[in-house]
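> sequence first, then the predicted structure, then my questions.
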Amino acid sequence: MSDKTMTADEVVSRLRSGMTLGIGGWGSRRKPMALVRALLRSRITDLTIVSYGGPDVGMLAAAGRIRKLVAAFVTLDSIPLEPHYRAAREAGAFELMEIDEAMFMWGLHAAANRLPFLPVRAGVGSDVMRVNPGLRTVTSPYDDQETFVAMPALGMDAALVHVNRADRLGNGQCLGPDPYFDDLFCEAADAAYVSCERIVDTAELTKEAPPQSLLLKRHTVTGVVEAPGGAHFTSCVPDYGRDEAVQREYATTPWPEFAARHLGGGLDERDPE
């Protein structure tokens, strides 16, 4: 067992333009924003992003980093439609695969289990099939002969997630009420990088929370980044809630102005490519 701690910039140094990146969290909740900000400070672009989208998608879209987006929605929760995502999408800035939430989940399950697809009822008889002409159906080989959507695996080169606590080995703990699908993102990706509010000794992880809170297992995690406030301005309960003031600022400020104010000057001189 090895020490997997690294910095956010070290995580980004392992990423490349053209990759497929999964981003955990849900809407404007427990997004790995410290890692997203580090990614935005790099020159990495031409990304396929897989996300239950929030400001992670909005920022990367506004910065012109996305080639294709796979998502069930992109929202700021208290602001229903993410405005920077909306502007980029209306401008035709990237390709979109918009699917049902359950289809998205089964795509993660398929990738986590190294299957090419999984059958799912969600999407049958809906416009999901019309707007995604590449999707196929499959018929049950049993007596029922039911038709399902064959949801393709959402495989990823790397996943970025944020949790409340982690140890140096890569075990990650969720202390909030909803784990979202961060464990599936890590299992479905070739490499997984986890930021956390605080790194603790392994024994500390179960002193004040049950073993079921250990959402991420070390064998699925490549690197761990200690990043206090690393989900800000999204929520990371019970450590902190969503910063509604900063989120409103983000939603109402032109992207170049917000980026200059909050991303430390924009692009680095480094070129990870």
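Arrived safely.

> which positions within the longest helix seen in the chain qualify as buried?
Scanning the chain for the helix with the most residues, using DSSP state H, yields helix 101-112. For helix 101-112, a neighbour-count test (16 or more other C-beta atoms under 10 Å) marks 103-112 as buried. C-beta here means a position set from N, CA and C on the backbone, and glycine is covered the same way.

> and what of stretch 193-200?
Residues of stretch 193-200 classed as buried: 193-197, 200 (neighbour count, 16+ other C-beta under 10 Å).

> dump these to TSV, plus pLDDT.
TSV is the format used below for the buried residues of stretch 193-200 (pLDDT from 0 to 100):
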residue	pLDDT
193	98
194	98
195	98
196	98
197	98
200	97
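
> narrow those residues to those in strands?
The members of the buried residues of stretch 193-200 that map onto strands under DSSP state E are 193-197.

> from the buried residues of helix 101-112, which is closest to residue 52?
Residue 52 lies nearest to residue 104 out of these, by C-beta to C-beta, at 6.9 Å.

> grab the nearest non-local neighbour of the closest one.
Leaving aside its sequence neighbours, residue 104 sits nearest to residue 72 (C-beta to C-beta, 6 or more residues apart in numbering; 4.6 Å).

> now do the contacts for that neighbour.
Residue 72 makes contact with 52-53, 98-101, 103-104 under the criterion C-beta atoms under 8 Å, 6 or more residues apart in numbering.

> please apply the same query to residue 139.
Shown in contact with residue 139 (C-beta under 8 Å, 6+ apart): 145-148.

> quick revisit: run through who's touching the longest helix of the chain.
Contacts of helix 101-112 (C-beta under 8 Å, 6+ apart): 52, 70-73, 99, 116-118, 120, 122-123, 128, 149, 151-156, 181, 184-185, 187-189.

> how about 7 Å then?
Helix 101-112 has contacts (C-beta atoms under 7 Å, 6 or more residues apart in numbering) with 52, 72, 117-118, 120, 122-123, 149, 151-155, 181, 184-185, 187-188.

> the residues you listed in helices, which ones?
Using DSSP H, the subset of the contacts of helix 101-112 located in helices is 184-185, 187-188.

> which one of those is nearest to residue 219?
Closest to residue 219 out of the ones in helices among the contacts of helix 101-112 is residue 187 (9.4 Å), distances taken as C-beta to C-beta.

> any idea how far residue 218 is from that closest one?
Distance, residue 187 to residue 218, using C-beta to C-beta, to the nearest Å: 12 Å.

> same check on residue 193?
Noted for residue 193: a distance of 13 Å to residue 218, by C-beta to C-beta.

> and residue 51, what are its bridge partners?
Note on residue 51: beta-bridge partners residue 23, judged by DSSP bridges.
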